[in-house]
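Engineer: from the sequence below, what's the structure:
(one chain, ligands or ions: 1)
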Amino acid sequence: MSDAVKVGGRVNKEDQAPKLWTGDFYNEGVNAHDGLFDKLGEECGVFGVFGHSEAASLSYYGLHALQHRGQESAGICVADGESFKYHRGMGLVKEVFNNDNLGTMIGANAIGHVRYSTSGESKLANAQPLVFKYREGDLAIATNGNLTNAPDIKRELEKQGSIFQTTSDTEVVAHLIARSKHDDIVLAVKEALLKIEGAYAFMFLTKDKLIAARDPYGLRPFVMGRLGTAWLFASESCAFDAVGGTYYRDVEPGELLVLDMKTGMKEDRFSPIKQRAICAMEYIYFARPDSDIDEVNIHSARKRMGRQLAMEAFVDADVVTGVPDSSISAAIGFAEQTGIPYELGLIKNRYTGRTFIQPSQELREQGVKMKLSAVRSIVAGKRVVMIDDSIVRGTTSLRIVNMLREAGATEVHVRISSPPFANPCFYGIDTPDRKELIAANKSIEEIRQAINADSLHFLSKDGLLSAIGRQSNEPSRGYCTACFDNRYPTPLPEDAKVGCGCD
Ligand code: SF4
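Structural biologist: Numbering: from 1, shown residues only. This next block holds a predicted model:
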C-alpha cells in the first residue's frame, strides 16, 4: 500500500453490524471507540541512524520495533552526503517496505517514522518523513509529538503568503525553517524550535547532517544509542535491541544534537530545560515493556505500580489477571505483593492486527477481527482481580468485566494501575474530549457501577510516582501527570482548558 491509500476491500452489510458479544469472547466494535480497545492512541515513533552503510535497513528494523507507536503509515529517508532518497507509504512497516525499495536506499544516514495521526488527516501526504526543498538543498523531517501552538503559527504564516501542502504540524516547522534569516540549517532549526510550543522529538536530515532535538520539557521520550561507530536515535530503546545496538543516553530536554559528516557530533542546546515533565503514560501504557525511558525499565516500573496498587487497595480473591498486553506487568506485581496467584484469565489473539489505531472510520469499520477471550477454565467459580492500566470511557472495562462474569467469575474486582484519567492530553496522545472521559464526569463509585465491577480502585498519583521510582524535587518528580491532575506543564492555547471541572 505504498503509493495510494488503499482502504481495503468491500465490506458487506453483515460485517458492519455491531458484533459485541459472542459467548466468552469479544469482537472489536464497529465504531471508533466502541471496541475492546477503547484506549488511548499512541503518538508516533521515530528512528535515526548516522554513520552506518546499512542505514535504511537498520531503520526498517528499528521502525518495526516501534510499530506499536503508530500503524497508519511508515517512511524512511536516507542521505549519502550528496543526495536524498525516500520512501513512504500507508500501512505497517512490513507492508510499506520490501527488498526492492530498501535496496535502492543507499546512504549512511537515515531517519524513519511510524505514524499515528494525532493531528492532521490520515493520508499519504502526511506520512513522514516529510521532505522539503529549502534554499540550501533538501530537508527531511520526522517527529513524534504534538505542537500546541501550530494552528496559531500556521494561521500567521498563511496570512504572510505561505502555502501548506499537508495538514501535519511538522510542515509548520519546515515553513519556519524556510523563512529563517539564517542560511545555516542548524541556526534555522534552532530559531524554528524556539517559536514552537508542545511536546516533541524531532529529527532533521540534510544531505550531510542529522539534527536531533527534544522539547524543553522532555515530554516525549527520545533516546540515543550506538552500533559500532554509528549513532542511533529512537523514541524507545527497544528499537536499539532490534538492530543489535546499545542504549547510550536519553536526549536531554531542550538539547540539540548535530551530527555532521565532516565534523562528527556536536552536543548543543536550543533551550534550557524548562521543567522536566516526561509523560507518565509512557510508563503506564504506551511504551514497550522492554524499553527503558530515563533509565527506568518499563516492565519493572509497571510491576512496582501493581505492587503499590496491592498495598493501596488489597482485596481477597482467588486469581489475579491482567488485561493484555500492557497490564500484565502490573498484574504480576499485584500478585507478587498479595500472594494471590497470577493467571492468564484473559487472552488476546495476537494475529488480527491492532485495528483500533487506524484513524479513518472506514478502516475501523473493517476492524472487527480483534478478539480477547476470557479463559473459562481459569476464572469459572473464582473471585477475580482484574488489573488494567487505565479507564478512558469505561466501555472497554464494562465489556471485559462482563466477559469474565459470563465465563463464570463469581466476583470481579477491578484495580487500575494509574490515577483516574480525567483530562485530555495536548502532547501527542489521542484522547477523547473531557466530556467523554468517564473519570471527568463520574465519581469512583459511579464508575464502579458503570463497569459492573464488585469493587474498583485506582492507583494514587503519589503511588504512581513512587512506583516509577525517579527521585526529584521537580513538580510531580519530573513527570507530566496532566491527564490525572490537570496541571499542564507547558502554556496551552486559551481554549484548551475550557470545560474543565478541575482545580
Ligand atoms: S497529559 Fe498525560 S498522556 Fe499527555 S503527556 Fe501528560 S502524562 Fe502523557
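Engineer: up against the ligand, what does this structure have?
Structural biologist: Taking Cβ under 6 Å from any ligand atom as the contact definition, the chain meets the ligand at 219, 279, 280, 281, 425, 427, 429, 480, 481, 482, 483. Placement of C-beta: from N, CA and C, glycine included.
Engineer: write the PyMOL selection for whichever of the residues you listed are buried.
Structural biologist: Restricted to buried positions by 16 or more other Cβ atoms under 10 Å, the PyMOL selection for these reads:
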select buried, resi 219+279+280+281+425+427+429+480+481+482+483
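Engineer: in strands, which of the residues of the chain next to the ligand appear?
Structural biologist: Using DSSP state E, the members of the residues of the chain next to the ligand that fall in strands are 279, 480.
Engineer: by pLDDT, give me the weakest of the residues of the chain next to the ligand.
Structural biologist: Lowest in pLDDT among the residues of the chain next to the ligand is residue 429, which has 85.
Engineer: my read: that residue touches residue 70, true?
Structural biologist: No - look at residue 429 against residue 70 with Cβ atoms under 8 Å: they stay out of range, at 11.9 Å.
Engineer: quick one on the thing from earlier: could you work out the most separated pair of the residues of the chain next to the ligand?
Structural biologist: Pairwise distances across those (Cβ to Cβ) peak at 12.9 Å, for the pair 429 and 481.
Engineer: would you mark the buried spots in stretch 430-439?
Structural biologist: Under the neighbour-count criterion of 16+ other Cβ under 10 Å, stretch 430-439 has 430, 431, 432, 434, 437, 438, 439 buried.
Engineer: could you do stretch 268-275 as well?
Structural biologist: Using 16+ other Cβ under 10 Å as the test for burial, stretch 268-275 gives 270, 271, 273.
Engineer: the second one contacts residue 192, correct?
Structural biologist: No - between residue 271 and residue 192 there is no contact, the gap being 12.0 Å when judged by Cβ under 8 Å.
Engineer: now list whatever residues contact both of the two.
Structural biologist: With contacts defined as Cβ atoms under 8 Å, 6 or more residues apart in numbering, no residue is adjacent to both residue 271 and residue 192.
Engineer: switch the residues of the chain next to the ligand over to a markdown table; also include distance to residue 185.
Structural biologist: As requested, the residues of the chain next to the ligand are exported to a markdown table (distance: Cβ to Cβ, whole Å):
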| residue | distance to residue 185 |
| --- | --- |
| 219 | 25 |
| 279 | 29 |
| 280 | 34 |
| 281 | 33 |
| 425 | 31 |
| 427 | 26 |
| 429 | 30 |
| 480 | 30 |
| 481 | 36 |
| 482 | 33 |
| 483 | 36 |
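Engineer: nearest to residue 464 among the residues of the chain next to the ligand?
Structural biologist: Checking the residues of the chain next to the ligand against residue 464 with Cβ to Cβ, the nearest one is residue 280 at 6.5 Å.
Engineer: what's the helix or strand containing residue 439 packed up against?
Structural biologist: In this structure, residue 439 sits in helix 438-441 according to DSSP states H and E. Secondary-structure packing of helix 438-441 (3 or more Cβ pairs under 8 Å, 6 or more residues apart in numbering; DSSP states H and E): helix 444-450.
Engineer: one more time with 10 Å
Structural biologist: helix 395-406, helix 444-450, helix 482-485 (3 or more Cβ pairs under 10 Å, 6 or more residues apart in numbering; DSSP states H and E).
Engineer: output those helices in JSON lines; the columns should cover distance to residue 64.
Structural biologist: Below are these laid out as JSON lines (distance: least, Cβ to Cβ, whole Å):
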{"stretch": "helix 395-406", "distance to residue 64": "27"}
{"stretch": "helix 444-450", "distance to residue 64": "37"}
{"stretch": "helix 482-485", "distance to residue 64": "29"}
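Engineer: least reliable of those helices by average pLDDT, please.
Structural biologist: Among the helices and strands packed on helix 438-441, helix 395-406 carries the lowest mean pLDDT (a mean of 90).
Engineer: could you point out which element follows that one?
Structural biologist: Counting by DSSP H and E, what follows helix 395-406 is strand 411-416.
Engineer: and the angle for that next one with helix 395-406?
Structural biologist: With axes from the mean of the first three to the mean of the last three Cα atoms, to 10 degrees defining the directions, strand 411-416 sits at 150 degrees from helix 395-406.
Engineer: now strand 411-416: how far from the chain's centre is it?
Structural biologist: Distance, stretch centre to chain centre, for strand 411-416: 26 Å (Cα atoms, centre = their mean, to the nearest Å).
Engineer: that strand pairs with which strands, and in what direction?
Structural biologist: strand 383-388 (parallel), strand 455-458 (parallel) (DSSP bridges).
Engineer: with mean neighbour count and mean pLDDT as extra columns, can I get those strands in CSV?
Structural biologist: Below are the strands paired with strand 411-416 laid out as CSV (neighbours: other Cβ atoms under 10 Å; pLDDT from 0 to 100):
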stretch, mean neighbour count, mean pLDDT
strand 383-388, 26, 98
strand 455-458, 20, 98
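Engineer: mind giving me TSV with those and columns for distance to residue 136?
Structural biologist: Formatted as TSV, these follow (distance: least, Cβ to Cβ, whole Å):
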stretch	distance to residue 136
strand 383-388	50
strand 455-458	52
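Engineer: out of the ones you listed, the one nearest residue 417 is which?
Structural biologist: Closest approach to residue 417 among these is made by strand 383-388 (6.2 Å; Cβ to Cβ).
Engineer: CA-only coordinates of the closest one, as CSV, when you get a sec.
Structural biologist: Extracted C-alpha coordinates of strand 383-388, given in CSV (Å, rounded to 0.1, in the frame of the first residue of the first chain):
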residue,chain,number,x,y,z
ARG,A,383,-13.1,-14.3,42.6
VAL,A,384,-11.0,-12.4,40.1
VAL,A,385,-8.9,-9.3,40.5
MET,A,386,-8.7,-7.7,37.0
ILE,A,387,-5.8,-5.3,36.6
ASP,A,388,-6.0,-2.7,33.8
